[in-house]
Structures are given as C-alpha cells and as structure tokens.
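> Okay, sequence plus prediction incoming.
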Amino acid sequence: MTMPFVVPRPPELEPATWPAYGLSTLTVVPLVWRRRAPLAVLLAILATSGLYRLALEGPGQPLPYTGLVSLYTIAVLSPARKRLAAALLVALAVPVSVWLNTRSMRELTFSLFVFGAAYVFGRLTDARQRAHRVEAEQAAARERARIAREMHDILSHAVSLMVVQAEAGPVAVRAAPERAEAAFEAISETGRDAMVQLRRMLGVLREEEQAARAAPREPQPDVGALPELVRRVRAGGLDVRYGTAGAVRPLPAATGATVFRIAQEGLTNVVRHARAASASVLVVYGEDEVEVRVTDDGHGPRPGRSGGHGLVGVRERAAAHGGTAWSGPGPDGRGFELRAVLPLSEPRAGREVGTS
C-alpha cells in the first residue's frame with residue numbers, strides 16, 4: 001500500500017481508506033513491546049492482520065514484516081514452550097493467510113520458507129549470544145581467580161613475615177635491643193609494602209572510567225624486585241641467598257611478575273612451615289625458558305600432604321603461562337624444593353603439572 005497523499009494510486013486499484021491504514025499501523029505498533037512480551041505481540045499482530053483481512057476492503061495487504069520480526073524475537077528470547085506455541089501459531093496462520101489472499105502454492109511455499117528462516121536466524125542468534133555470555137563468564141572467573149591468587153600471595157607473605165618478626169621481638173628486646181629495633185622496622189616496612197601492593201591490586205577492580213581519571217598504576221613487581229624480597233625475609237632471621245644462572249636478560253612483564261610471585265610464595269612457605277635455618281632462591285635463564293627454584297634445609301614435605309592453596313596457586317600460575325611447577329623433597333632428599341619452569345615464547349595450553 002502507499003499513502004495516497006504521497007504516491008497517488010492508479011485509478012484501476014481500489015481506493016485507500018484511512019481505517020485500512022489505521023489497522024495496518026496497529027500491526028506495527030505492538031513491536032514496541034516485542035522484547036517484553038514477544039508471544040503476546042505475535043498474537044496481537046496475527047489478530048490485527050486477520051481483522052484487516054476479514055473486516056476491511058482495503059487495498060493490498062498489511063505489512064508482512066511485523067510477523068517475521070516478532071517470530072525472530074521469540075526464537076531469540078523465549079523458552080522452548082513459548083517457541084513451540086509461536087511455531088504452531090505461525091504454521092496455522094500462514095496457510096489461512098495464503099488462502100484468503102491468492103490461494104497459491106507458490107506463495108504458501110515462500111511464506112513458510114521466510115518464516116522458517118526468521119525462526120532459524122533467531123535460534124542462531126540466541127546460540128551466539130549464549131556462547132558470548134559463557135565466554136564472558138569464563139573470562140570473569142579467570143580474572144577473579146587471578147586476583148585471588150595475587151591477594152593470597154601478598155597477604156600470606158606479609159602476614160607470615162610480620163608474625164615471625166613479632167614473635168622474635170620480645171626475645172630480642174631482652175637479649176639484643178638493637179635486633180628488636182630492626183625487627184620492628186622490618187614489620188613496619190613489610191606492612192607498608194603489603195598495603196602498596198594491595199592498593200595496586202585493588203586498582204584492577206575499578207571501573208574503566210574511574211581508572212582513566214586516576215593516576216597510572218605502578219607495574220607489578222618482577223624479577224628485579226627479588227633482591228629486595230630476599231632482604232626483607234632475611235631481616236626476619238632466615239638466612240636467604242639469591243642467585244641467578246645463565247644469561248640474565250629482561251623478561252616479559254607477565255612472566256617476570258609470575259617468577260616474583262612464585263619465589264614469594266616459596267619463601268612464605270619456608271617461613272611458615274619449614275622450620276628452616278637457611279633457604280635459597282635461584283633464577284635460571286635458558287634459551288627459551290626461565291626456571292625459578294626455592295629450596296630450604298627444613299623438615300621437608302609432610303607425608304600425606306599435597307600442599308595448601310599457595311602451592312595450588314603456584315601450579316595455576318605456571319600453567320597459565322604454558323609452564324610446569326613441581327614441589328617435593330630438596331636435593332639429596334633434604335628440606336623442600338619448589339621449582340617452576342616458564343616458557344619465554346607465547347603461552348601455550350597449560351601442560352600437566354606435578355607434585356611429589
């Protein structure tokens with residue numbers, strides 16, 4: 001149909017009437033609510049279209065696209081029962097509409113095809129949206145797990161050092177006041193460093209707009225921060241040595257941060273569980289991989305225990321970079337050793353990690 005005051009109708013056609021145009025408009029208006037009540041909208045469109053056919057002698061036919069849009073929306077948004085009801089309605093309405101119009105098998109075939117295509121495209125859109133939602137949820141879960149690992153490493157390391165230093169403080173006050181002063185300074189320094197790292201980590205949770213207005217966040221600690229880490233642990237009374245092997249060179253930011261966190265978790269376990277007198281941190285630079293080892297001379301792994309959340313986090317960190325992590329007895333079966341190997345190329349799918 002065409003509006004008579006826009007495009008004049010040929011004289012051989014029936015004149016256009018305003019009631020016909022008004023009823024045609026009613027087949028379009030319900031689309032405003034198609035996302036809220038798609039099945040009700042389809043019913044309204046079928047009802048107004050049928051009323052147009054039966055009650056008016058208007059020219060042409062109502063716009064057929066509204067039914068296609070409504071069926072597509074139902075296929076995207078509605079549950080299975082409503083989709084089935086909509087499909088049955090359309091399967092009944094299309095033959096009736098063709099019979100009232102041309103009674104042509106060609107029109108019936110074409111109408112069923114286009115309505116079927118609208119339904120299929122709607123289901124494909126729903127499948128694509130579901131896949132995107134699953135992907136987004138998995139990405140959010142991975143990010144939450146990463147932040148949880150970072151928070152665990154920061155807090156576990158800081159609190160462990162502070163507890164050890166605080167327990168040694170009263171003894172040092174009586175026996176060696178200068179050592180007590182150093183212990184309390186170490187507690188203060190450890191706490192301040194933990195607060196800085198926590199603020200840095202919590203900054204990741206800000207909205208993008210807030211982060212854009214805030215000052216740039218400092219980078220995560222990497223291999224260059226290991227000497228300072230060793231110094232803080234040594235201040236707590238544990239004899240810790242740090243060394244490197246191979247051709248020392250800059251590491252990718254993510255890899256360097258992972259090496260630091262693994263070494264930090266290893267030293268935290270030594271302080272909390274090993275009852276060791278000495279420990280060492282060694283970073284070995286290979287041609288296409290980097291290895292970090294944390295060893296101690298403590299009592300070694302306890303039988304029947306596979307490690308707590310910290311060691312699980314170490315393995316998860318290594319696997320995220322396509323590497324491996326291993327923990328178990330130290331050299332010659334004495335003490336405990338934590339070892340992780342990370343590739344320096346692009347991360348691949350995480351390989352199986354092991355413990356002993």
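Yep, that arrived.

> And the helix or strand hosting A140, what does it pack against?
According to DSSP states H and E, A140 maps onto helix 105-175. Judged by 3 or more CB pairs under 8 Å, 6 or more residues apart in numbering; DSSP states H and E, helix 105-175 is in contact with helix 65-77, helix 80-101, helix 177-202, helix 226-235, helix 253-269, helix 309-320. All C-beta spots, glycine's among them, are computed from the backbone N, C-alpha and C.

> Could you tell me the least trusted of those helices?
Lowest mean pLDDT of the helices and strands packed on helix 105-175: helix 177-202, a mean of 70.

> what about the residue nearest the centre of the chain, distance to R146?
Geometric centre of the chain, nearest residue: A139, 1.7 Å, by CA atoms, centre = their mean. With distances taken as CB to CB, to the nearest Å, A139 is found 11 Å from R146.

> can you check F115 too?
47 Å.

> More neighbours: which of these two?
F115 (21 against 16; other CB atoms under 10 Å).

> Can you name the residues that contact the residue lying closest to G256 once chain neighbours are set aside?
Among residues not flanking G256 along the chain, D222 sits closest, at 3.1 Å (CB to CB, 6 or more residues apart in numbering). D222 sits next to L251, A253, G256, A257, V259, F260 when contact means CB atoms under 8 Å, 6 or more residues apart in numbering.

> now, which of these sits nearest R232?
F260 (12.8 Å; CB to CB).

> coming back round to it: how many degrees apart are the helix holding A140 and helix 65-77 in direction?
Helix 105-175 and helix 65-77 are oriented at 30 degrees to each other (axes from the mean of the first three to the mean of the last three CA atoms, to 10 degrees).

> Mean confidence (pLDDT) on helix 105-175, please.
Per-residue scores along helix 105-175 average to 80.

> centre of the chain versus it, how much separation?
Mean C-alpha position of helix 105-175 versus that of the full chain (CA atoms, centre = their mean, to the nearest Å) differs by 3 Å.

> Report the inter-axis angle for it versus helix 253-269.
Going by the same axes, to 10 degrees, helix 105-175 makes 40 degrees with helix 253-269.

> Need the helices and strands packed on helix 105-175 in TSV (columns: distance to F110 and mean neighbour count).
What follows is the helices and strands packed on helix 105-175, written out as TSV (distance: least, CB to CB, whole Å; neighbours: other CB atoms under 10 Å):
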stretch	distance to F110	mean neighbour count
helix 65-77	12	21
helix 80-101	9	15
helix 177-202	60	16
helix 226-235	72	18
helix 253-269	56	23
helix 309-320	54	21
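
> Can you check which of these gets nearest to Y285?
helix 253-269 (10.4 Å).

> out of the contacts of D222, who's nearest R334?
The closest of those, once distances to R334 are taken by CB to CB, is V259, at 24.5 Å.

> So that closest one sits against P252, correct?
No. Judged on CB atoms under 8 Å, V259 makes no contact with P252 at a distance of 10.3 Å.

> The residue lying closest to L112 once chain neighbours are set aside and K82, how far apart?
Nearest residue to L112 in three dimensions, chain neighbours excluded: V94, at 5.8 Å (CB to CB, 6+ apart). Note on V94: its distance to K82, by CB to CB, is 18 Å.

> Could you do D296 as well?
Relative to K82, and taking CB to CB, D296 is found at 64 Å.

> go on, P250?
P250 is 59 Å from K82, by CB to CB.

> Over to P252?
51 Å.

> Number of residues surrounding A20?
For A20, using other CB under 10 Å, the count is 20.

> That one: which element?
Assigned by DSSP H and E, A20 falls in helix 18-26.

> can you give me the mean pLDDT across the next helix or strand along the chain from that helix?
Using DSSP H and E, the next helix or strand after helix 18-26 towards the C-terminus is helix 38-55. The pLDDT scores in helix 38-55 average 80.

> Flag every buried residue along helix 38-55.
P38, L39, V41, L42, L43, A44, I45, L46, T48, S49, Y52, R53 (16 or more other CB atoms under 10 Å).

> re earlier: angle of the helix holding A140 against helix 226-235?
Using the same axes, to 10 degrees: helix 105-175 against helix 226-235 is 40 degrees.

> Is it correct that I187 is in contact with A166?
Yes. I187 lies in contact with A166 (CB under 8 Å); the separation is 6.1 Å.

> Count the neighbours of L344 for me.
Neighbour number of L344 under other CB under 10 Å is 16.

> So G298, which state does it fall into?
Under DSSP: H, G, I helix; E, B strand; the rest coil, G298 falls in the coil class.

> give the contact list for it.
G298 touches V270, H273, A274, R275, A276, A277, G335, F336, counting by CB under 8 Å, 6+ apart.

> and with 6 Å instead?
Taking CB atoms under 6 Å, 6 or more residues apart in numbering, we find G298 in contact with A274, R275, A276, G335, F336.

> Leaving aside the residues adjacent along the chain, what's closest to it?
A274 (2.9 Å).

> which SS class is L282?
Assignment for L282 (three-state DSSP): strand.
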